[in-house]
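Novice: Structure, please.
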Amino acid sequence: MKIEADGEEKISVTLTETDMKDLDITYEDMDYSNIETRRVIWTLLDEAKRVLGRNINIDNRLLVQVSPADCGGCVIHFTQSNTKSSVSGKRLIMKKDCEPILFHAFDADAFIDCKPLLEEFKSSSQSVELFREGDNYYAVIRPQASSTDTILMRLCEYGDVSLSQKRDICRLYESGISL
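Specialist: Predicted coordinates:
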């Protein structure tokens, strides 16, 4: 677990896959309506308070943003607002980023044909990364929530498309060649 202060109002907590297992939660289970997620968030805030040596004011609104990490963990950003909460002083707002999309082109020709489409997706995604592994061509796309369905639908004619294949994505980062 790595805890960092990104200014006065923002704290980042990076959890490894082992940390997630220790906390008995997965990225997929993270939802503030889930009591286990609440337990994990309050545990992390207590640990951040201890590590950073500063008080975290829970009387103000707190935005919690969760993003998947490449190899099974996640990154959680806590951002305090200067606005008082109107709901009993402990109002959290949780925003979860979309799962990454793994695209595996049918062949090199299909990859070349869909390259303009992948370039187009850069404007509606957090990132689009291209890889070659042997004779196989891949793209890892981290879409914004509103564009996931469109990206999945438009890519399926060029290859296989799947959501959040973390092991395959980790493998590409380790052994694939970035294009």
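Novice: Tell me which residues touch F78, please.
Specialist: F78 is in contact with 10-13, 44-45, 48, 56, 62-64, counting by Cβ atoms under 8 Å, 6 or more residues apart in numbering. Placement of C-beta: from N, CA and C, glycine included.
Novice: How confident is the prediction for the nearest residue to S127 once chain neighbours are set aside, by pLDDT?
Specialist: Take S127 and drop its neighbours on the chain: the residue closest to it by Cβ to Cβ, 6 or more residues apart in numbering is R142, 4.8 Å away. Per-residue confidence at R142 stands at 86 (pLDDT).
Novice: Also D29?
Specialist: Taking D29 on its own, its pLDDT is 79.
Novice: moving C-terminal of the helix or strand that contains the residue nearest to S127, what's the next helix or strand?
Specialist: For R142, the host element (DSSP states H and E) is strand 136-143. As assigned by DSSP H and E, the chain's next helix or strand after strand 136-143 is helix 148-155.
Novice: Buried members of the contacts of F78 into ChimeraX, please.
Specialist: Applying 16 or more other Cβ atoms under 10 Å to these, the buried members can be selected in ChimeraX as follows:
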select :11,12,13,44,45,48,62,64
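Novice: For S33, pull up the helix or strand it's in.
Specialist: Using DSSP H and E, no helix or strand contains S33.
Novice: Tell me how far it lies from D46.
Specialist: For S33, the distance to D46 equals 21 Å [Cβ to Cβ, to the nearest Å].
Novice: Looking at the two, which one has more neighbours?
Specialist: The neighbour comparison of S33 against D46 (other Cβ atoms under 10 Å) goes to D46, with 11 against 7.
Novice: for the helix or strand encompassing that one, which positions count as buried?
Specialist: In this assignment (DSSP H and E), D46 forms part of helix 35-52. Neighbour counts over helix 35-52 (16+ other Cβ under 10 Å) mark 37, 40-41, 44-45, 48 as buried.
Novice: what's the neighbour count on the closest residue to D160 other than its chain neighbours?
Specialist: Sequence neighbours aside, H104 is the residue nearest to D160 in space, at 4.6 Å (criterion: Cβ to Cβ, 6+ apart). H104: 21 surrounding residues under other Cβ under 10 Å.
Novice: for H104, phi and psi?
Specialist: Backbone geometry at H104, expressed as degrees, to the nearest 10, gives phi -120, psi 110.
Novice: Identify the bridge partners of it.
Specialist: Y138, D160 (DSSP bridges).
Novice: Touching, it and L155? I think so.
Specialist: No: applying Cβ atoms under 8 Å, one finds H104 not in contact with L155, separated by 9.8 Å.
Novice: Overlap of the contact sets of these two?
Specialist: With Cβ under 8 Å, 6+ apart as the test, H104 and L155 both reach V161.
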